[in-house]
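Trainee: Okay, sequence plus prediction incoming.
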Amino acid sequence: MEDNIQFIELQKIDLSNVELKGRILDIGGGGEGIIGQLKGEQVVAIDRRESELKEAAPGDYLKIIMDAKDLQFLDETFDTTTAFFTLMYIPLSNHQKVFQEIYRVTKKGGEFVIWDFIIPNRGISDKDLYGLYLEVKIGEKKISTGYATKWNKEQDLEYYLNLGASIGFKSVEKKIMDQMFYIRFQKV
Ligand SMILES: C[S@@+](CC[C@H](N)C(=O)[O-])C[C@H]1O[C@@H](n2cnc3c(N)ncnc32)[C@H](O)[C@@H]1O
């Protein structure tokens, strides 16, 4: 399986001092459940796969099976919405719908925070998947993980900045960290 994945070199991220306010909706919060591990009972983690939620690290956060394309929450429910290496798994054709749903359930003045990585054009590569190994630091805790997705798309910081702006989000912070990027949008 790993033979079929084009991995980039190990990426490292320190979330210890990340500020995420109020009630948090974590999109695709199964897997390692990083945001749940980081912010505990502030977090409602949704994932369309039950198995991913069951495997996620235990913690005080709420886990709900739900599709990001059709969020079962009232408008303006969350102070913060996060997507930690989740958008890379969602087909580009669904991104607009997912962003609209996130915009809808985020409170006015609230934030949408994204961590993801650059996926270049596949070109002539024979690898079907593109991925990264990631070391996440939360205080004294270090979590080693890896994420890989079908290499049938390209994405970068600019792509998400444009998408967010087209939905009505204002970008208030953005950063490229090696092959990864981070965006903090605000619903104005
Ligand atoms: C592997 S996780 C990414 C990392 C995860 N946030 C963590 O903390 O480890 C990505 C998750 O997004 C979920 N996902 C993909 N498309 C989704 C969608 N449309 N709605 C909800 N979850 C989705 C996948 O099932 C997967 O569990």
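Mentor: Yes, it's here.
Trainee: So which residues of the chain form strands?
Mentor: 5-14, 24-27, 43-47, 62-65, 78-84, 106-117, 129-138, 141-150, 169-177, 180-187 (DSSP state E).
Trainee: by contact count, what packs against the fourth one?
Mentor: Based on contacts counted as 3 or more CB pairs under 8 Å, 6 or more residues apart in numbering; DSSP states H and E, the elements that strand 62-65 packs against are strand 43-47, helix 50-55. The C-beta positions use only the backbone N, C-alpha and C, and glycine is treated the same way.
Trainee: try the third one
Mentor: Where contact means 3+ CB pairs under 8 Å, 6+ apart, strand 43-47 is packed against strand 24-27, helix 34-39, strand 62-65.
Trainee: top helix in the protein by residue count?
Mentor: helix 92-105 (DSSP state H).
Trainee: could you give the angle of that helix to strand 106-117?
Mentor: 150 degrees (axes from the mean of the first three to the mean of the last three CA atoms, to 10 degrees).
Trainee: Buried residues in helix 92-105, which are they?
Mentor: In terms of neighbour count (16 or more other CB atoms under 10 Å), helix 92-105 has its buried residues at His95, Val98, Phe99, Glu101, Ile102, Tyr103, Val105.
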